[in-house]
Each structure stands twice: as structure tokens, then as C-alpha cells.
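In: how would this look folded up:
(one chain, ligands or ions: 1)
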Amino acid sequence: RPAIVWFRKDLRLADHEALTAAARSGAPVLPLYIHDDETEDARPEGGASRWWLHESLKALDASLAAHGGALVLRRGRTRDVLATVLRETNASALHLTRSCEPFGSRCEDAAAALCRDRDVAFHHHRGRLLFAPEDVVTKDGRPYRVFTPFWKACLARPAPPVPMGVPKFTDFASTDGVPLDALELQPSRPDWAGGLRADWTPGEEAARNALSAFIEERMATYAERRDGLRANPTSRLSPHLHFGEIGPAQVWHAVTHAAEAGNSAVRKGAQAFLRELGWRDFSYHLLHSFPALPDSPLRPEFARFPWRKDEAALTAWQRGQTGYPMVDAAMRQLWQTGWMPNRARMVVASFLVKHLLLPWQEGEAWFWDTLVDADLANNAASWQWVAGCGADAAPYFRIFNPVLQSRKFDADGGYIRTWVPELAGLSSRDIHAPWEAAPAVLAAANVELGGTYPGPIVDHAAARARALRALESLK
Ligand code: FAD
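Out: Predicted coordinates for the structure are as follows:
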């Protein structure tokens, strides 16, 4: 009787507790993936995530094939598919990595009930987070709502377990599945995924390479440069972590090991980096305790916030046509490559909810569709953070000035020139706010405001005053 390993967002072979436990049990291992686009309360993956998922499943299948196994793919309602597979294969056990997302947890409960009915051993394992949500709570047993004490409590705990390698497989089992193309994850014509393919390599091997390259080449400068917009100063591990092509414990231990062997710059970079990885755990802990996080503000008074409805403004933001060069550069980078740096995410998100006064849920939904690392916990927690309605949030009244942000984090304008080429002829002084440049300067750079490039969609000072009035109305 086979032991089923039900893969979800843990698409790797190394440091996979569920897979290792199944392989060690001596039963033939049956690797299963279910693509559920039918259950009503499952949030379907966005377009960029679907592309990544397709590639990642292909890579996982190839890795399994190298060990003599094959990934069985099924499509349909999770509960029904699981019931069918358990029956058809007469499985002895079901192993999975615990999800910590609301839909994932409901599926786990359903799976556990199915296993009970059929006398199948049900095992869930760690692997998605550094620390389990129930292990990090305040003295009175509540979830943390502020990051710094949360992270302090995490650091006081035993370190995450040392990662295990790829297990030794003795035997695999299989059953009928559908071909990968039948999951219909790839974009149909037109093929808009070209930019994603050019920028990214999904899969476990690429994740490992990205981690090594970061540690060797950029970790020592991470603390100082992480907010820079150009030259990718960060790890770009987010989609790999999201799909579980690498586990957070693997990242933790590789970084800690390098820090122990490195100089003070490396140690400083490692500490700053692990703190960011800590924000990922924090988002999941929040989602675990507040499952409505993706839809409803954590601060209830924000449910009354007087958001505007303005399709034209929303479209201008989505397409990178707001007339604010840094915002537009970031939104175009997102559209083409499925990613943008954290600083740019904060600025464009703030622009949407404060300058345009549009609901954060609109931004969350656009990011969900276009980011390769679109992640229910990180995306929702970050949008709520920027909108001022989340846990430990930036106060709403602190409003980023997109021009000052641009001058500070893209001082030479190189980021803007890459993504907004129609402004490339402007100097690093004029490129951040072209409407302030003299007409002759614009003409010399072939920039016509309202023609080759839009004028600013809102005036910064007026938009700021409007946002503050809206906040006042909550009181
Ligand atoms: P690094 O700086 O190298 O950090 C390493 C890892 O730590 C990241 O891969 C990520 O897993 C985690 N991390 C870093 N910063 C944060 C953070 N602020 N919050 C939570 N985890 C963090 N991240 C996502 O993974 N998915 C999302 O959907 C997402 N949406 C966001 C939306 C907004 C509005 C904002 C402001 C941030 C969002 N982030 C999201 C967080 C952050 O921007 C990205 O994780 C980071 O930019 C990814 O790049 P990196 O892997 O090079 O990060």
C-alpha cells in the first residue's frame, strides 16, 4: 500500500519532511499534486503565478524522474480528488506539509477526516515557515500584532531544524494522472509570459542557485543596499519561497552558516536579511490568527474609510501611466517581469491608497494577478501595512512623496530610464519630476507631457491634503 505525498506549496525534494517521512516508512511513495480550480472558497492563482506553477511542476517531475518516480497530476475539487485517489490506490498513509493558509488548512481538515474514515495514517509536517504559529505567542497566549517583539520571541526559540537532504527512495508507486498541459496553467495566445521567461527560472535547482549567488555576491551589502531600485541588491528568492522550491529553514541555515564564517559586513547583512525573512513568518502568523486578512482591514474602523471609485485612475496606475516616473517604472517592471523591489512596492501601494484614494483591495488584487511571488499572507499583510489598516502598520498620515522617494532610491534615474524609456533623455535632476523641467529641456529630450508621457495624474500636495481629510472623517 503506497504512502501518498501530497505536494502543494512545497515543490522540492530537499528538506521535505513529508517526503522524507514517506520514503523512510518503507512504503512505495506516490507523489501527488492536485490542481483545484473548482472549489468555491479556493482563491485561484493569478496569471503570473500560474505560469510559474506550470514550470515548477515540470521541474519537480523531472527531479522525481531522476530518482525513478513521477509526479501524478490531478485536476478537480481537492476533497473529491483525494477521496478518489485514496480509494483507487488503497494508500496506507497520507503525508503533507502544513499550509497555514485558510483554504489550505480546511483542505487538511478534510483530508484528515477522509483518512480517518478509510483507516489511512494522516501525517502533517513542518516546512512552510521558520516557526509554527502556535509556538510564538505572547505571554497571555495571544498572537503578536507587532513585529519587533514577535521577532524577538522567534529569536529566543530554538533555531529551525537543520535541513535534511533529498531522501533515499527505495520504491515509488503511481496511478492515473493528467498531463501537465491539461491543468491549463500556461497563458493562451497572446503569449504574455515572455518577460517572465526572460527573467526567471522556476524550480528547486534555480532556487538553490539564487540563494548561493545572493550569499556570495550580495549579502555583505544587503543591509545598506536593500532599498536600492536597480541592480537587484536583494535575493529575489520570493517566488521560490512562495512555491516552496526552497524551504525557509534551508535559507536560514545557509545564511547563518555564511555569517559565522564571514566578516562583520556579512554578519550585518545576514542579520538584516533574516529579519526580512522574519516578516514572512509574521505575515503567516497574522493570516493564521486573522483568516479574513486578505479581504478585511485588521483595524475595523477602516471598513468605513471613504475610498473612491475611479476606473480611469486605477487603469492608469496598473499600466504605469500616472505621470509619476518612479511609480510608472515600477508598475511597468511588474507587468513585464512579474516582480518589483520592496521599496517600489511600498511607493506604488502608497500612491494607490493615498494619492488616488483607491481601496487597497484593488491593489492587492492587481498584485495577486501579476506578481510571480503573489502570496496570500505577504501580499495582504503588506497592503494592509501600507494602507495603515493592518497590524503594526505604517500610520496612514505618513504619506510617501513619490518624487522624494525616487530622488533618494534612484538617484541617477537609471531605474526610470530602464522602464520608462520615453524619459531616458532627461537628466538625473529632471527625470524624477518632468513637469518641473523647463519646456526647452523637455523639447531637447523629446518629451511632450500629455503626448509622449502623461502629466501627473494628481497634484502631490492636493492629493496629500485629500487623503488626510479622508482619514479625519474616520474619527
Ligand atoms: P529579500 O529582501 O531578499 O528578502 C528575502 C525574503 O524575505 C523574501 O523573499 C520574502 O520571502 C521575505 N520578505 C522580504 N521582505 C518582506 C516583507 N516586507 N514582508 C514579508 N516578507 C518579506 N512578498 C511576497 O513574497 N509576496 C507578495 O505577494 C508580496 N506582496 C507585497 C505587497 C506590497 C504592497 C509590499 C509593500 C510588499 C510585498 N511583499 C510581498 C514583500 C516584499 O516586497 C517581497 O517579499 C520582496 O520584495 C521580495 O524580494 P526578495 O526575495 O529579493 O526579498
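In: residues contacting the residue nearest to residue 411 when sequence neighbours are not counted?
Out: Once flanking residues are discounted, residue 411 sits nearest to residue 428: 6.8 Å by Cβ to Cβ, 6 or more residues apart in numbering. Where C-beta positions appear, they are placed from N, C-alpha and C, glycine not excepted. Shown in contact with residue 428 (Cβ atoms under 8 Å, 6 or more residues apart in numbering): 411-413.
In: ok, and the most crowded of the residues you listed?
Out: Among the contacts of residue 428, residue 413 has the most neighbours (other Cβ atoms under 10 Å), with 24 neighbours.
In: which residue sits closest to that residue, ignoring its sequence neighbours?
Out: residue 431 (3.9 Å).
In: re the thing from before, which of the contacts of residue 428 sits closest to the ligand?
Out: residue 411 (20.0 Å; Cβ to the nearest ligand atom).
In: Just give me the longest helix of this protein.
Out: helix 264-289 (DSSP state H).
In: Can you point out the buried residues in the helix or strand following it?
Out: Using DSSP states H and E, the helix or strand that follows helix 264-289 towards the C-terminus is helix 311-319. Using 16 or more other Cβ atoms under 10 Å as the test for burial, helix 311-319 gives 313-314, 316-318.
In: now swap in stretch 76-91 and tell me
Out: 76-79, 81-83, 85-86, 89, 91.
In: Please apply the same query to stretch 163-174.
Out: Going by neighbour count (16+ other Cβ under 10 Å), the buried part of stretch 163-174 is 163, 166-167, 169, 172-174.
In: Over to stretch 48-64?
Out: Buried residues in stretch 48-64 (16+ other Cβ under 10 Å): 48-57, 59-61, 63-64.
In: So which bits of this protein are right by the ligand?
Out: 226, 234-238, 241-242, 276-277, 279-280, 283, 341-342, 345-346, 349, 367, 371, 373-375, 378-379, 382-383, 386 (Cβ under 6 Å from any ligand atom).
In: Run through who's touching the longest strand seen in the chain.
Out: Criterion DSSP state E: the longest strand present in the chain is strand 29-35. By Cβ under 8 Å, 6+ apart, the residues outside strand 29-35 that reach it are 2-8, 19, 22-23, 57, 60, 64, 69-76, 78, 81-82, 85, 89, 91, 169, 171-175, 183, 185.
In: next helix or strand past it?
Out: Where DSSP H and E defines the elements, the next helix or strand beyond strand 29-35 is helix 47-66.
In: got any ranges where the stretch 251-400 of the chain has weak pLDDT?
Out: Along the stretch 251-400 of the chain, no part satisfies pLDDT under 70.
In: Contacts only, for the residue nearest to residue 56 when sequence neighbours are not counted.
Out: If the residues on either side of it in the chain are set aside, residue 56 comes closest to residue 202, at 4.4 Å by Cβ to Cβ, 6+ apart. Shown in contact with residue 202 (Cβ under 8 Å, 6+ apart): 52, 55-56, 59, 239-240, 243, 245.
In: how much space between residue 202 and residue 9?
Out: 13 Å (Cβ to Cβ, to the nearest Å).
In: what's the answer for residue 358, then?
Out: Residue 358 is 30 Å from residue 9, by Cβ to Cβ.
In: ok, now residue 334?
Out: 21 Å.
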